[in-house]
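Engineer: everything below, folded, please.
(chains A and B)
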Amino acid sequence: MMTRLLSLVAALFVMVAAVPPAQAQEPLQLTLRDGVIEALPFALPTFQAEVAGSEQMAADISRVVAEDLTGTGLFRQIPSSAFISTPAGFGAPVAFADWRAINAQALVTGAVAVNGDQVTVKFRLYDVFSGAEMGEGLQFAGTTQGWRRMAHKVADVVYSRITGEAGYFDSRVVFIAETGPKDDRAKRVAIMDYDGANVQFLTDTSAIVLAPRFSPDGQRILYTSFGSGFPRINVLNVDNPSGQQQLQTAPGEMAFSPRFSRDGRQVIYSLANGGNTDIYRSDLTTGQFTRLTNTPAIETAPSFSPDGSRIVFESDRSGTQQLYIMDANGGEPQRISFGSGRYGTPVWSPRGDLIAFTKQEAGRFHIGVMRTDGSEERLLTSSFLDEGPTWAPNGRVIMFARETQGADGTSSLFSVDITGRNLRRVTTPQGGSDPSWGPLQP
Amino acid sequence: MTHLFKAASLIALLGVTACTNADRFDDQNAALGDGNPAVGNGIDQTSLGGANDPTSPAFFSQTIGDRVLFEVDQSTLTAAGQDTLRGQAGWLQTNSDYLAVIEGHADEQGTREYNLALGARRANAVREFLIANGVSANRIRTVSYGKERPLAVCSDESCYAQNRRAVTIISIGASS
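Structural biologist: Numbers count the residues shown, from 1 in each chain, chains lettered A, B, ... in the order given. Modelled structure (predicted):
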């Protein structure tokens, strides 16, 4: 029975990865043929309040853990009204028969204790059909202020134990918060939890700011600012956003579209000089720069491979925007996109196997993925204007911006699974664009 | 007479929508764009008063025309655009106290980065043309706004055509 749960999930991911199923069982082959994946049902009774006064926190943490799991589209929460029994207490023997009877395949139990501004969360995960615990129970302790992070950490462990994949819930996204009409839009660099909670602004509305990008350690942010009157790249520290500094670049009228190298010491970016945009690299400490492309075409949107050895970027050297890969030190690139339409904003996945991109075709915009050799292109979304994909740290989910049509058009953040399933809006207090997903937090 | 006609049609075109801060004469334009029968009078009484003074910024932006438009995904100057820019070059040579910043813009049909680069191409095409027509290079800077500052906000070609533009913003500066 243990194998049933595991193989179900393994099959989910086999399908996700589009690899021939190694050990899928009959119902799952059916699922594959029908193109429908059934979410795995789990029960998560509200975590027990271990000390008086912890009830609200226990309820809040339980809710966020469940929302993280159901938000993946891979899990379905069984409503508590269906429960036959509730756990007698955290660590008490589990009445597996009661959970089997309502077809819960996984059971998460937990307990929360609030003491002053400190909160402790304990949880255990059970495979209901085998009647066994999956992994050991864990405990997280922190401040009440950081309670959502503890919920995300619980959900990350549950997700990881059931799927065998790393989680992505305890992560943050830096993006552009947008307000105001289309022809006078105010933009600010903002940071939030992956689910849209805890939005903080890192810049004010005095200048247009664009496309913030996290450093690999999540501590610094690169972004493009019109603060000087001309587009320049700034770098700021998340913990001290007012101390931003301008990146030293090669001479030119505009620097934009930056990204950090893997070690966080160098930046690749686009520079326009005499109206011509090429890709450059600057060293953050020495200010030394290197030109990586040299054509009269537009070369922009560079993104490193996870190992830092190569760069994917877009160029219109063929006449339209297409995707190319070159060595990290420049040199002759190889074109990888050959479908119809225009391809831009390529981003290398953290796993290294896929490139996410924006595609424009016949007046529609799409977010898509392809392998690094350009094969197996799949479009995941379609709308009036989708653009700017960014990868979840585990490479399973993509966030992007969707702008609606017309004079009242606004931009919002969306996420989608790399299978194209589970498209959902990321709720933010204002409009949002240009997301950049940071690493899983330590 | 041709100048007057050009100014009136340019203003009518601009008056279709609200303008950004790149337009120095928003109110007049908005009022004139209403199809008001007193358009001619309005020109005489308000904006064209300034625009008839050949040394005024109003003359530059309205009578000569401060902007040129581009085809989809193009940075090549049209014949009409070249006419406008010859006028701009002549004015800048006569009024040598002025510096120019050329703003390149794109419509919303494109990714953010590409549109920034496209706006830079457009602004530079204008800069090169002005230099070729006698304006000294050190008086002209360029900036691209990509798709960040549309002039017209609808999502069809009538607005896109106005947004694919390069606007020459003049200001008094040290003459060279």
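Engineer: now do the phi/psi pair for A:Lys182.
Structural biologist: Phi and psi for A:Lys182, reported as degrees, to the nearest 10, are phi -60, psi -40.
Engineer: pretty sure B:Ala125 sits in a strand.
Structural biologist: No - counting by DSSP: H, G, I helix; E, B strand; the rest coil, B:Ala125 falls outside a strand, being helix.
Engineer: and it, what does it touch?
Structural biologist: Going by Cβ atoms under 8 Å, 6 or more residues apart in numbering or on different chains, B:Ala125 touches A:275, B:75-77, B:166. For glycine as for every other residue, the C-beta is placed from the backbone atoms N, C-alpha and C.
Engineer: tell me how far it lies from B:Thr78.
Structural biologist: 11 Å (Cβ to Cβ, to the nearest Å).
Engineer: how about B:Ser136?
Structural biologist: 25 Å.
Engineer: distance of the residue of chain A found nearest chain B from B:Asp156?
Structural biologist: Minimum separation of chain A from chain B (Cβ to the nearest Cβ) falls at A:Gly275, amounting to 2.4 Å. Applying Cβ to Cβ, the value for A:Gly275 to B:Asp156 is 28 Å.
Engineer: give me the next element, helix or strand, following the host helix or strand of A:Asn234.
Structural biologist: Take DSSP states H and E as the rule and A:Asn234 turns out to sit in strand A:232-237. For strand A:232-237, the following helix or strand on the C-terminal side (DSSP H and E) is strand A:240-246.
Engineer: buried residues in that following strand?
Structural biologist: Neighbour-count burial for strand A:240-246 flags A:Gln244 (criterion: 16 or more other Cβ atoms under 10 Å in any protein chain shown).
Engineer: what helices or strands is it leaning on?
Structural biologist: With contacts taken as 3 or more Cβ pairs under 8 Å, 6 or more residues apart in numbering or on different chains; DSSP states H and E, strand A:240-246 sits against strand A:232-237.
Engineer: find the nearest non-adjacent residue to the closest residue to chain A within chain B, please.
Structural biologist: The minimum distance from chain B to chain A, using Cβ to the nearest Cβ, falls at B:Asn124 (2.4 Å). For B:Asn124, ignoring the flanking residues on the chain, the nearest one in space by Cβ to Cβ, 6 or more residues apart in numbering or on different chains is A:Gly275 at 2.4 Å.
Engineer: check contacts around the one you found.
Structural biologist: By Cβ under 8 Å, 6+ apart, the neighbours of A:Gly275 are B:75, B:120-125, B:127-128, B:142.
Engineer: between the residues you listed, which has the most around it?
Structural biologist: Neighbour counts for those, by other Cβ atoms under 10 Å in any protein chain shown, peak at B:Ala120, which reaches 32 neighbours.
Engineer: double-check that residue against A:Phe256; I have them as touching.
Structural biologist: No - using Cβ atoms under 8 Å, B:Ala120 is not in contact with A:Phe256, being 9.3 Å away.
Engineer: residues shared between the contacts of those two?
Structural biologist: By Cβ under 8 Å, 6+ apart, the residues touching both B:Ala120 and A:Phe256 are A:Ala272.
Engineer: spell out which parts of chain B neighbour chain A.
Structural biologist: Within chain B, the residues that sit near chain A (Cβ under 8 Å from any Cβ of the partner chain) are B:17-18, B:20-21, B:75, B:108-114, B:116-118, B:120-125, B:127-128, B:141-145, B:148-155.
Engineer: if we use 6 Å, what do you get?
Structural biologist: Within reach of chain A by Cβ under 6 Å from any Cβ of the partner chain, chain B has these residues: B:20, B:111, B:113-114, B:116-117, B:120-121, B:124, B:142-144, B:148, B:150, B:153-155.
Engineer: before we move on, the earlier item: dump the contacts of B:Ala125 into JSON lines; add secondary structure, pLDDT and distance to A:Phe304 as well.
Structural biologist: Output for the contacts of B:Ala125, formatted as JSON lines (DSSP: H, G, I helix; E, B strand; the rest coil; pLDDT from 0 to 100; distance: Cβ to Cβ, whole Å):
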{"residue": "A:Gly275", "secondary structure": "coil", "pLDDT": "97", "distance to A:Phe304": "27"}
{"residue": "B:Ser75", "secondary structure": "coil", "pLDDT": "98", "distance to A:Phe304": "29"}
{"residue": "B:Thr76", "secondary structure": "coil", "pLDDT": "98", "distance to A:Phe304": "34"}
{"residue": "B:Leu77", "secondary structure": "coil", "pLDDT": "98", "distance to A:Phe304": "37"}
{"residue": "B:Ala166", "secondary structure": "strand", "pLDDT": "98", "distance to A:Phe304": "33"}
